[in-house]
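[1] Show me the folded form of this:
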Amino acid sequence: MVVVMNPGAPQAQLDAVVARIESAGAQAFVSRGLARTIIGVIGEPSLRTELNLSGMPGVSTVLQVSAPYKLVSSQAQAERSTVWVGPEGRAVPIGPGTFTLVAGPCAVESALQTLGAARLAAGAGATLLRGGAYKPRTSPLSFQGMGEDALKILADVREATGLYVVSEVIDPADVDLVASYADMILIGATNMQNFALLDSVGRRGKPVMLKRGMQATVDEWLLAAEYVAQRGNCQIVLCERGIRTFETATKATLDLSAIPLVQRLSHLPVVVDPTHCAGRRDLIVPLARAAIAAGADGLLVDVHPDPENALVDGPQALAGAELRELASAVRQLPPLMGRLPAQPCGQMASQTLS
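    Numbering: from 1, shown residues only. Next up is the predicted model:
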């Protein structure tokens, strides 16, 4: 069962609903979005009638949700969510009606490299800067990231370019540190089911981008998002980045069907990372075009000013002609799908697309 509160319902009304649920021996999980607050209830189905929650002040509606993921299900919220990244009044939207490009270096290597990548990203139409400070690598001998020094560089580049920062966290102990610098926390594919990390990120309340694990089903992906939502944070963007199949010609197989499927199963925004499924730059733009056509709410793309000398994933980083081709696709294709380019809310275009 899910209780949807009225927009702007005061804390006292929320507390009263939670108290009634818990007095009946059920569990209440409060998840706050920017528009409204919803309460997931775990208990006997008969509680819906016995508790009479629909008659309480501040309650908009009470829903019986059959999906195993209650708070992120489209049954709990029919309209699709928009997640806002950045400070209030100047935040960038990710969600229906807009198209958001997130781009930057897979790993921060230096201030000069990161600033160069950010300028390339902004020139291609990006409004959010991705940059890795902590890198979970297959080999322990590979570059693992610069840690807090990288986060400081990202913060400086944000000041210089106006691009809000998206950065990955891999250890629950680092969540507060990353959140103090980044505007959005990224949970990578290898950590999709790191439940301690999901718990910590959910409690922090910062917008989250959750990548799908390479072996994860759609249900497992949405249940991972439910962990974050149950801990109080429904500002979640899902990222499809390809799944492992028998094919070895690419790093992973992009599951385009996941985009419309998840948009029907969940109210959360869905973006696509064509970089990490391709593993090679010549396939990124074609996959990006396909993702836009399939209805993705945005893209996550690697950009590097000198890909040949990148410390991480250079063969799949865009620059030069390939980046210009991506910029053209991002400029031309989303309007055909009824989407405006995402900008900070104070700069959103006033026109609407028919």
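[2] how long is stretch 275-289 from one end to the other?
    13 Å (Cα to Cα, to the nearest Å).
[3] mind listing what's buried in it?
    Residues of stretch 275-289 classed as buried by neighbour count (16 or more other Cβ atoms under 10 Å): T275, H276, C277, A278, G279, R281, L283, I284, V285, L287, A288, R289. Where C-beta positions appear, they are placed from N, C-alpha and C, glycine not excepted.
[4] Could you list the low-confidence segments of the protein?
    Within the chain, the stretches with pLDDT under 70 are 34-35, 45-48, 137-139, 141-144, 345-354.
[5] Can you pull the domain assignment for it?
    What automatic domain parsing lists as the domains of the chain is 2-63, 83-347.
[6] distance between the ends of the first one?
    Going back to what we said before, that points to domain 2-63. 5 Å.
[7] chain center to it, what's the gap?
    Taking the mean of its C-alpha atoms, domain 2-63 sits 26 Å from the chain's own mean (Cα atoms, centre = their mean, to the nearest Å).
[8] when you check the buried residues of stretch 275-289 against the helices, which ones overlap?
    Counted as lying in helices by DSSP state H, out of the buried residues of stretch 275-289, are T275, H276, C277, A278, I284, V285, L287, A288, R289.
[9] Now the third one. Nearest residue, chain neighbours left out?
    Going back to what we said before, that points to C277. Closest residue in space to C277, ignoring its immediate chain neighbours: G242 at 2.7 Å, by Cβ to Cβ, 6 or more residues apart in numbering.
[10] what do you get for the first one?
    In this structure, T275 finds its nearest non-sequential neighbour in D302, 4.4 Å apart by Cβ to Cβ, 6+ apart.
[11] cool, the last one as well?
    Counting by Cβ to Cβ, 6+ apart, R289 lies nearest to A329, which is 5.3 Å off, once chain neighbours are set aside.
[12] What is the burial count for that neighbour?
    Residues lying near A329 (other Cβ atoms under 10 Å) number 19.
[13] just how off-centre is the helix or strand harbouring it within its chain?
    Per DSSP states H and E, A329 falls inside helix 320-336. Distance of helix 320-336 from its chain centroid, counting by Cα atoms, centre = their mean, is 21 Å.
[14] partners of the following helix or strand past that helix in the sheet?
    Later in the chain than helix 320-336, the nearest helix or strand by DSSP H and E is strand 340-341. Applying DSSP bridges, strand 340-341 is found paired with strand 98-104 (parallel).
[15] count of neighbours near D174?
    Neighbours around D174, by other Cβ under 10 Å: 18.
[16] and S60, what helix or strand is that in?
    Applying DSSP H and E as the criterion places S60 in strand 59-63.
[17] strands paired with that strand, and their directions?
    Strand 59-63 is paired, per DSSP bridges, with strand 2-5 (antiparallel).
[18] just checking, I38 is part of a strand?
    Yes. Secondary structure of I38 (DSSP: H, G, I helix; E, B strand; the rest coil): part of a strand.
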